[in-house]
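Peer 1: predicted model and sequence below, questions to follow.
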Amino acid sequence: MAEEPEGTGLDGRHTMHLETGVALINALTGQHVHGRPKPALGGHDLVRAAADALGPVDGQVDLAVAERLRNVASRLREIIESLSRREHDQAAALLNRMLTDSKARPYLHRHGEQSWHLHFHSPDADFVQRWAAGLAVSVAAALGDDTPHRVGLCAAPRCDQAYLDASQAQIKRFCGLSCQNRVKAAAYRARRSGS
Ligand SMILES: [Zn+2]
């Protein structure tokens, strides 16, 4: 697993995991983006998209790993869909299953002379399980912390992108300005044609 930056607090690491989860969901899953169809990735494109979403991972992503990461991304999407529908029981059940499957468990590890560092995956977990464990723990922390809506799905039509809402008020509804403007323009056209 790519080493997390030293000196990042637990909240910072959870946020980093949520960002990575959103990047994986958007890179590897979904059928539409910003109103346009999104082609399903395969082969080398899938490998590159998965590796890019994770950041610097030293060539540890091959096709088999990328396929498994897509599965992790699909499970995360399902969890975030449940959260968007406010079905927290369902989201918690899915998260608990993901925590079990990824062998998530806290343990302290020390890289050489660096200070002790809390990992969320068991020492014998493989590359994908390590990521899945870290991602599941951070989404679970958000749900357990009563801030489950920090991660959401774009409300615009024909867009399946996930987003991270860093605002205090948690009012974000769209993946970005492109979709926000698209929805505003459609509402404006609807008002004009209705008058
Ligand atoms: Zn969107």
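Peer 2: Structure's in. What do you need?

Peer 1: packing partners of the helix or strand bottoming out on mean pLDDT in the chain?
Peer 2: In the chain, the helix or strand scored least confidently by mean pLDDT, DSSP states H and E is strand 117-121, which has a mean of 89. Contacting strand 117-121 under the criterion 3 or more C-beta pairs under 8 Å, 6 or more residues apart in numbering; DSSP states H and E are the following elements: strand 104-109, helix 127-144. Heads up, the C-betas are built off the backbone N, CA and C, glycines and all.

Peer 1: let's see that with 10 Å instead.
Peer 2: Where contact means 3 or more C-beta pairs under 10 Å, 6 or more residues apart in numbering; DSSP states H and E, strand 117-121 is packed against helix 10-28, strand 104-109, helix 127-144.

Peer 1: which bits of the chain sit near the ion?
Peer 2: Residues of the chain found near the ion, taking C-beta under 5 Å from the ion as the criterion, are Cys154, Ala156, Cys159, Gln161, Cys175, Cys179.

Peer 1: OK, contacts around the nearest residue to the first one once chain neighbours are set aside?
Peer 2: Yep, that's Cys154 we're talking about. If the residues on either side of it in the chain are set aside, Cys154 comes closest to Cys175, at 3.9 Å by C-beta to C-beta, 6 or more residues apart in numbering. Taking C-beta atoms under 10 Å, 6 or more residues apart in numbering, we find Cys175 in contact with 22, 26, 33-34, 152-156, 159-163.

Peer 1: repeat for Arg173
Peer 2: If you count contacts by C-beta under 10 Å, 6+ apart, Arg173 has them with Gly152, Leu153, Cys154, Ala155, Ala156, Tyr163, Asp165, Cys179, Gln180, Val183.

Peer 1: could you rerun that using 6 Å?
Peer 2: Ala155 (C-beta atoms under 6 Å, 6 or more residues apart in numbering).

Peer 1: what strand or helix carries the closest residue to Val61 other than its chain neighbours?
Peer 2: Beyond its immediate neighbours in the sequence, the residue positioned closest to Val61 (C-beta to C-beta, 6+ apart) is Ala51, lying 4.3 Å away. Ala51 is part of helix 43-54 when elements are defined by DSSP states H and E.

Peer 1: report the buried residues of that helix.
Peer 2: For helix 43-54, burial by neighbour count (16 or more other C-beta atoms under 10 Å) applies to Leu46, Val47, Ala49, Ala50, Ala51, Ala53, Leu54.

Peer 1: same question for stretch 109-121.
Peer 2: When burial is assessed from 16+ other C-beta under 10 Å, stretch 109-121 yields the following buried residues: His119, Phe120, His121.

Peer 1: repeat for stretch 9-21
Peer 2: Of the residues in stretch 9-21, those buried (16+ other C-beta under 10 Å) are Arg13, His14, Thr15, Met16, His17, Leu18, Glu19, Thr20, Gly21.
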